[in-house]
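[1] fold the stuff below for me.
(chains A, B, C and D)
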Number of protein chains: 2
Amino acid sequence: MSQTVDRALSILPLLAQGPADLGQVADRLGVHKSTALRLLRTLHEHGLVYRQEDQRYRLGARLFALAQEAVENLDVREIAHPHLVALNERIGHTVHLAVHEEGEVLYIDKVESRYPVRMYSRIGKPVAITVAAVAKLLLADLPEAERRAVAEKLDYPTYTSRSTPNAAAFLKELATVREQGWATDLGGHEESINCIGAPIHGADGRVVAAMSVSAPNVVVTAEELLTLLPQVRRTAEAISREYSGTAPNTPSAQGSSDDR
Amino acid sequence: MSQTVDRALSILPLLAQGPADLGQVADRLGVHKSTALRLLRTLHEHGLVYRQEDQRYRLGARLFALAQEAVENLDVREIAHPHLVALNERIGHTVHLAVHEEGEVLYIDKVESRYPVRMYSRIGKPVAITVAAVAKLLLADLPEAERRAVAEKLDYPTYTSRSTPNAAAFLKELATVREQGWATDLGGHEESINCIGAPIHGADGRVVAAMSVSAPNVVVTAEELLTLLPQVRRTAEAISREYSGTAPNTPSAQGSSDDR
DNA sequence: GGACGGCGTTGCAACATCTGCAACACCCAT
DNA sequence: ATGGGTGTTGCAGATGTTGCAACGCCGTCC
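    Residues are numbered from 1 along each chain as shown, chains lettered A, B, ... in the order given. Purely as a prediction, here's the structure:
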């Protein structure tokens, strides 16, 4: 809708592919060098673009900071986090939280281990949408038509022999997930890693996020992992309750009251 | 330099603080609602802004994807990565890689453990600049004047009793680091975590990145960690050589040839 | 139930801003 | 020196952007 801004923003994905100099940017944008220069300058002032020593431009640090802040201000995440930590402390495996947004599913939180070194996961990484348990949960909740549309448009890479092969299989899987209210990924992304997940509902009943527990089968077999399902579902339900406001977050026994 | 783009980009940090509706955005920008609407629309088309169900705007997913791609295209990172993995496989502890950019130091890579589950760290997270070993290494290399200017401008939060207390102490520490060619963070950020780091040099001798090894002192004491210093420095040097092109990356025994 | 107020949205005309041009400054290589 | 390759600047013209006012919509309050 705004040509100038549109052009400026088009520079970002362009630079995401690698550094480029002024001429290249101007060419790719189809504008004069001087215009490209002014756009880049503006982007630079805002820190979205960085000028390296060879004068070429690349994406800047502010971008990270923004993505950072963005993810920290998601309220589902804020509410869910203590529950995820609590679950992690009980079962020890990696716990993920993910949301769906405009065709992509991405992780917005992760608790890796109860180890004193608390380090965050590569949050923001798009999920393998055709196989991940959280992706299935989030897409399964879409209205029929949209679900089908999305399924048709996806690629179905065969990460492993157990990856979802095509749209038909995926839709069938989504139907199952939708009905049973939980999902798995048994070696569909990486042969040795299994995953179980449960949906988090908002006040209107729609799925707003999904969580999962992942573990390599050298640690627990798929069967053992499945025995944890009730705990995962209870946690997801506890988060849902708190998120939808059904659970008055009493100042005292707040949060992890119900997710054990 | 470009008013329109400038305004549009100003929306991003604004939304980073939390979701806002059209009116709020317009007010904060000091423009008419209709202009704000058009800017937001453009941002939305590029996926930088997302419109939630209550019609309010917040930062969008593309932002993550961009930050993601950006970090993956840094050539230091690409070159360093296999070396970091190799080091990690030998010593087992967490290995970090960081760069300095416009006043911030941020992690651009991390190898957490040799565990089969390979998961990435919260890359892009700004580092505690006054205490982290990597930050000291990167800032120590700045020219005298700039170094002082940066040191004066910083805040010195006391994370622990061993945190760098003020600019004077920091500058002194930087001088030491500069001279000895390596750095530590012994409980300066979190009481129980120690850290040793070494610089990575470019062809011109300037420090382009820094790496570090971190471990909680329940696993190894600070003294034990320091015994790993030679290995860390050798790895950093190997990366430096390959990065500055001194080491012809022979197709065969490539990369991890020298960093043991 | 009707009117009000708030919010997002649209079309338009006036204007300011952005654009492309051409010339310049600079660096490196020839 | 001379040439080609950058990035940079000032300018006038024109395009795109702006703010306005009016509309549609949805809740709320009388």
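[2] quick check, residue A:198 in a helix?
    No: the assignment for residue A:198 (DSSP: H, G, I helix; E, B strand; the rest coil) gives strand, which keeps it out of a helix.
[3] residues touching residue A:217, list them.
    Shown in contact with residue A:217 (C-beta atoms under 8 Å, 6 or more residues apart in numbering or on different chains): A:187, A:192, A:193, A:194. Bear in mind the C-beta positions are built from the backbone N, C-alpha and C, glycine included.
[4] how near is it to residue A:93?
    12 Å (C-beta to C-beta, to the nearest Å).
[5] hmm, back to that, selection in ChimeraX covering whichever of the contacts of residue A:217 are buried, please.
    The following ChimeraX line selects those of these that are buried, judged by 16 or more other C-beta atoms under 10 Å in any protein chain shown:
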select /A:187,193,194
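[6] filter the contacts of residue A:217 down to the ones in strands?
    A:193, A:194 (DSSP state E).
[7] just the mean pLDDT for the longest helix belonging to chain A, thanks.
    Scanning chain A for the longest helix, with DSSP state H as the assignment, gives helix A:75-91. Regarding helix A:75-91, the rounded mean pLDDT is 88.
[8] pull up the pairing partners for the helix or strand following it, direction included.
    Per DSSP states H and E, the first helix or strand lying C-terminal to helix A:75-91 is strand A:94-101. Paired neighbours of strand A:94-101 in the sheet (DSSP bridges): strand A:104-111 (antiparallel), strand A:207-216 (antiparallel).
[9] buried ones in the first one?
    Spelled out, that is strand A:104-111. A:104, A:105, A:106, A:107, A:108, A:109, A:110, A:111.
[10] how about the spatially most central residue of chain A: what's its closest non-neighbour residue?
    Central residue of chain A (C-alpha atoms, centre = their mean): residue A:106, 1.4 Å from the mean position. Nearest non-adjacent residue to residue A:106, counting by C-beta to C-beta, 6 or more residues apart in numbering or on different chains: residue A:126, 5.2 Å away.
[11] now residue A:142
    Using C-beta to C-beta, 6+ apart and skipping residues adjacent in sequence, the residue nearest residue A:142 is residue A:150, 6.7 Å away.
[12] the strands in chain A, which residues?
    Under DSSP E, chain A gives strands at A:49-51, A:57-59, A:94-101, A:104-111, A:183-186, A:193-201, A:207-216.
[13] say whether DNA strand D is contacted by the second one.
    In this case it means strand A:57-59. No: in terms of C-beta under 7 Å from any atom of the strand, no part of strand A:57-59 sits within range of DNA strand D; the closest distance is 8.1 Å.
[14] quick one: mean pLDDT for that strand?
    For strand A:57-59, the per-residue pLDDT averages 93.
[15] check which helices and strands that strand sits against.
    helix A:3-16, strand A:49-51, helix B:62-72 (3 or more C-beta pairs under 8 Å, 6 or more residues apart in numbering or on different chains; DSSP states H and E).
[16] doesn't residue A:111 make contact with residue A:88?
    Yes: look at residue A:88 against residue A:111 with C-beta atoms under 8 Å: they come within range, at 4.2 Å.
[17] tell me which residues of the lowest-mean-pLDDT helix or strand in chain A are tucked away?
    Across the helices and strands of chain A, mean confidence by mean pLDDT, DSSP states H and E is lowest for helix A:61-72: a mean of 79. For helix A:61-72, a neighbour-count test (16+ other C-beta under 10 Å) marks A:61, A:62, A:63, A:64, A:65, A:66, A:67, A:68, A:69, A:70, A:71 as buried.
[18] please see if it touches chain B.
    Yes: Helix A:61-72 reaches chain B (C-beta under 8 Å from any C-beta of the partner chain) through A:61, A:63, A:64, A:65, A:66, A:67, A:68, A:69, A:70, A:71.
[19] thinking again about what came up before, pLDDT at the residue nearest to residue A:142, what is it?
    Looking at residue A:150, the pLDDT reads 91.
[20] can you give me the helices for the stretch 101-250 of chain A?
    A:133-140, A:144-153, A:167-180, A:222-226, A:229-243 (DSSP state H, counting those that start in this stretch).
[21] just checking, the residue nearest to the centre of chain A touches residue A:129?
    No: Residue A:106 lies out of contact with residue A:129 (C-beta under 8 Å); the separation is 9.5 Å.
[22] next, count neighbours for the closest residue in space to residue A:178 that isn't next to it in sequence.
    Distances taken as C-beta to C-beta, 6+ apart put residue A:140 closest to residue A:178, at 4.1 Å, once the chain neighbours are dropped. By other C-beta atoms under 10 Å in any protein chain shown, the residues close to residue A:140 number 22.
[23] do residue A:230 as well
    Look at residue A:230: counted by other C-beta under 10 Å, it has 11 neighbours.
[24] for it, give its distance to residue A:174.
    22 Å.
[25] same deal with residue A:191?
    Remark: distance between residue A:191 and residue A:174 (C-beta to C-beta) = 23 Å.
[26] please say which of these two ends up with more neighbours.
    Using other C-beta under 10 Å, the more surrounded residue of residue A:191 and residue A:174 is residue A:174, with 24 against 14.
[27] is it true that that one touches residue A:139?
    Yes: assessed by C-beta under 8 Å, residue A:174 is found in contact with residue A:139 at 5.8 Å.
[28] overlap of the contact sets of these two?
    Residues touching both residue A:174 and residue A:139 (C-beta under 8 Å, 6+ apart) are A:147, A:151.
[29] follow-up on the earlier one: quick one, which of the helices of the stretch 101-250 of chain A is nearest to DNA strand D?
    helix A:144-153 (20.3 Å; C-beta to the nearest atom of the strand).
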